[in-house]
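No sequence on hand, only this structure:
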């Protein structure tokens, strides 16, 4: 390559690149500065949050929740293991605790013990823009061997919390919905448009009650204007650099897949093990999945989430989030190393949850199996995930069998009137919170409504820090009593705002 003539060209190119880089940096810095000049509606200084928002609703909601936690509403795919009397008593308790709701709203039983209420609108076009508010009252089991601070079905109140299974998932959300409707009814409020309350009884076992409810509405010609179910929350300490809570509203949810990994070998006596028996081959496959995570990507909802968080953070983070064209790849990588919650937002995740081998300590397993619980990222499908798992394992002797699965949901808009309504309700109940879209990592009953509604959202208006979120499906599940009051305010404002 001739060097002489190239030197002045290289110098000119370097100078041009330097000028261009300086210009780009100036533009990027200006964008970051402008983004920090003002915060979004509903995202103000934390000191501006009145400590007593919803205080008049908090303790009554907590007392109702304490009672409702006491009903052991654990659903099971084995019908003989379900305490049906607990479900019946729970439904009866709702009628007693919320008399105005049951006197005014039409109630139907769906699939046994699921509930579907209709609050008829009084406007001239009451059926034009119906909404569906969802929750479920079944819960995951409590293992009596675990060391709960207070018994799992006690509903004990202490330290500003209601303790017990279902406090967060999802009886707490049901209580704040019902409390909001009850209070509005007592004030003489009637919605302009039809409002449906859909409360499931078998969400935790991926049951079909919500699908049945959606089918019932569809069969009656109901096409909801908006559906709101559990999902995101008002999250504290969720994002580095953000000192105020983030009200993360799920605009989509990841798909779910239970994939069985199956291996075989001759079996026999454990004193003469082969070099690659069924359990070793299975272990090798599991290690391959652990060491080869799915590739990361950043959907538009997560890009917008990072931008909104950046707007309310320091200049350094704003510099990145306001210039995603330059930093998207870097930020995608950072999400992957910050922690489990952020990593799950950007990729399909694989968790091996069940293992089975030999039934005796001195017998070789002739069959070994594992269940991989996979949460499918937006943009992928059950079929594409199975093929990638097959490629990662790269062993034809490991059989793959889909036990159950569904793809990710459609993505609902975060620039429409429905999302704006949710944002206004957050501003009334948690005025210091940053409202942002995100991708729900777990499955909810709301996925069954996406076929009849283009605007399906997932959000529980309950304040949770890292420890609170860690109690979901775990020991010492609990909800803040003050948050229950704010949650009632959220639903009241949502319903009042919709007319």
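That came through fine. Predicted, not measured: the structure shown is a model, and the values here were computed from it.

Show me which residues of stretch 143-152 are buried.
By 16 or more other CB atoms under 10 Å, the buried positions in stretch 143-152 come out as 148, 150, 152. Every residue, glycine included, has its C-beta placed from N, CA and C.

quick one: which of those residues is nearest to residue 183?
Checking the buried residues of stretch 143-152 against residue 183 with CB to CB, the nearest one is residue 150 at 28.3 Å.

Make sure residue 89 is actually in contact with residue 72.
No. When contacts are counted by CB atoms under 8 Å, residue 89 is not listed as touching residue 72 (9.6 Å).

who's more crowded, those two?
residue 72 (19 against 16; other CB atoms under 10 Å).

for that one, helix, strand, or coil?
coil (DSSP: H, G, I helix; E, B strand; the rest coil).

The one 5 residues further on too?
Using three-state DSSP, the three-state assignment for residue 77 comes out as coil.

How many residues are close by it?
10.

Confirm for me that it is in contact with residue 208.
No. Because the distance of 11.2 Å does not satisfy CB under 8 Å, residue 77 is recorded as not touching residue 208.

what's the next secondary structure element after the helix or strand of the chain with the lowest mean pLDDT?
Of all regular secondary-structure elements in the chain, judged by mean pLDDT, DSSP states H and E, the least confident is helix 6-36 with a mean of 42. Going down the chain from helix 6-36, the next helix or strand is helix 55-69, by DSSP states H and E.

Name the nearest residue to residue 70, ignoring sequence neighbours.
Computed as CB to CB, 6 or more residues apart in numbering, the closest residue to residue 70 that is not its neighbour in sequence is residue 155, at 5.2 Å.

end to end, how far does stretch 369-389 reach?
15 Å (CA to CA, to the nearest Å).

Going forward, count from 401.
With the count now opening at 401, the last piece we talked about shows up as stretch 769-789.

tell me which residues of that stretch are tucked away?
769-772, 774-778, 780, 782, 785-786, 788-789.

how close does the closest residue to residue 841 other than its chain neighbours get to residue 703?
In space, and not counting its chain neighbours, residue 841 is closest to residue 744: 4.6 Å by CB to CB, 6+ apart. Computed as CB to CB, to the nearest Å, the residue 744 to residue 703 distance reads 16 Å.

And the strands in the stretch 651-800 of the chain?
Counting by DSSP state E, counting those that start in this stretch, the stretch 651-800 of the chain has strands at residues 655-664, 668-669, 749-756, 763-764, 767-776, 799-806.

What is the burial count for the residue nearest to residue 841?
Using other CB under 10 Å: residue 744 sits among 18 other residues.

next one: residue 557
Neighbours around residue 557, by other CB under 10 Å: 18.

Might one say that it is in contact with residue 567?
No. Contact criterion CB under 8 Å: residue 557 and residue 567 do not qualify, at 10.4 Å.

Going along the chain, name the helices of the stretch 451-600 of the chain.
Secondary structure of the stretch 451-600 of the chain (DSSP state H, counting those that start in this stretch): helices at 455-469, 484-497, 499-504, 571-586.

quick one, which of these is nearest to residue 562?
Taking CB to CB as the criterion, helix 455-469 is the member of the helices of the stretch 451-600 of the chain that comes nearest to residue 562, at 5.1 Å.

what packs against the closest one?
Under the contact definition 3 or more CB pairs under 8 Å, 6 or more residues apart in numbering; DSSP states H and E, helix 455-469 sits against helix 484-497, strand 561-563, helix 571-586, helix 881-898.

Save those as JSON lines, and put in mean pLDDT too.
Converted to JSON lines, the helices and strands packed on helix 455-469 look like this (pLDDT from 0 to 100):
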{"stretch": "helix 484-497", "mean pLDDT": "98"}
{"stretch": "strand 561-563", "mean pLDDT": "98"}
{"stretch": "helix 571-586", "mean pLDDT": "98"}
{"stretch": "helix 881-898", "mean pLDDT": "97"}
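
nearest to residue 628, of these?
Here helix 881-898 is closest among the helices and strands packed on helix 455-469 (CB to CB), at 7.8 Å.

now the closest one against helix 455-469, angle please.
110 degrees (axes from the mean of the first three to the mean of the last three CA atoms, to 10 degrees).

So which elements touch helix 881-898?
helix 455-469, strand 561-563, helix 571-586, strand 626-635, helix 817-829, strand 856-864.

could the helices and strands packed on helix 455-469 go into a markdown table alongside distance to residue 815?
What follows is those, written out as a markdown table (distance: least, CB to CB, whole Å):
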| stretch | distance to residue 815 |
| --- | --- |
| helix 484-497 | 36 |
| strand 561-563 | 36 |
| helix 571-586 | 25 |
| helix 881-898 | 18 |
